[in-house]
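Asker: Please work out how this folds:
(3 chains)
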Amino acid sequence: MDQQLREMVWQTVAMIPQGKVATYGQIAACCGYPGHARGVGHILKKLPPQTALPWHRVINARGEIALPPDSESYQLQKQRLEQEGVEFERDKIRLRLYQWDGSVDDSVTEN
DNA sequence: GTTGTGACTACCA
DNA sequence: ATGGTAGCCACAA
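Answerer: Have a look, this model is predicted:
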């Protein structure tokens, strides 16, 4: 169950186009688990550091990086986003331009 | 099993 | 806009 959610989150995050971002709630909803935003956050936290998943494109509903500012992952995520062309307004992302649709295909193949 | 904490979100003052 | 509160789920002790 939670493992299946984990896989679904993986593929959902993996299909986020470069230069765009998605929120935890959005991903959870796309996985068929609305309200599991927090669970998504935990899953991403459990990701291995060498993962190929663009976890840095996942942000909170406020349009900010969800990690604590003191964390190094925060800096890394912000840096990666800027590198992909995502503009920041102070520490917040301009969601108007970079919000992700979340078009998901159910027939995605298993990873 | 219970409790506390956290990469969350929505609602209300 | 900002801050507090409640609901949510997963995980560690």
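Asker: Counting neighbours, what do you get for A:P17?
Answerer: 14 (other C-beta atoms under 10 Å). Backbone N, C-alpha and C define where each C-beta goes, glycine included.
Asker: can you list the residues of chain A near DNA strand B?
Answerer: With C-beta under 7 Å from any atom of the strand as the criterion, chain A meets DNA strand B at residues A:23-26, A:37-42, A:44-45, A:47, A:55, A:58, A:60-62, A:66-68, A:73, A:77.
Asker: Filtering the residues you listed by proximity to DNA strand C, which remain?
Answerer: Among these, DNA strand C is touched by A:A37, A:R38, A:G39, A:H42 when using C-beta under 7 Å from any atom of the strand.
Asker: circling back to that earlier point, the residues of chain A next to DNA strand B, buried ones only, as a ChimeraX selection?
Answerer: To isolate the buried members of those in ChimeraX, using 16 or more other C-beta atoms under 10 Å:
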select /A:23,24,25,26,37,39,40,41,44,55,58,66,67,73,77
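Asker: Can you flag which of the residues of chain A next to DNA strand B belong to strands?
Answerer: A:T23, A:V58 (DSSP state E).
Asker: So which of the residues of chain A next to DNA strand B belong to helices?
Answerer: Of those, the ones assigned to helices by DSSP state H are A:24-26, A:37-42, A:44-45, A:73, A:77.
Asker: Out of those residues, the closest to A:G85 would be?
Answerer: Checking these against A:G85 by C-beta to C-beta gives A:Q77 as the nearest, at 14.5 Å.
Asker: mind listing what A:F88 touches?
Answerer: A:K78, A:L81, A:E82, A:R94 (C-beta atoms under 8 Å, 6 or more residues apart in numbering).
Asker: Closest one of the residues you listed to DNA strand C?
Answerer: Nearest to DNA strand C out of the contacts of A:F88 is A:R94 (C-beta to the nearest atom of the strand; 12.8 Å).
Asker: give the contact list for that closest one.
Answerer: A:G63, A:V86, A:E87, A:F88.
Asker: what does A:Y24 give?
Answerer: For A:Y24, the contact set (C-beta under 8 Å, 6+ apart) comprises A:A37, A:R38, A:V40, A:G41, A:V58, A:I59, A:N60, A:A61, A:A66.
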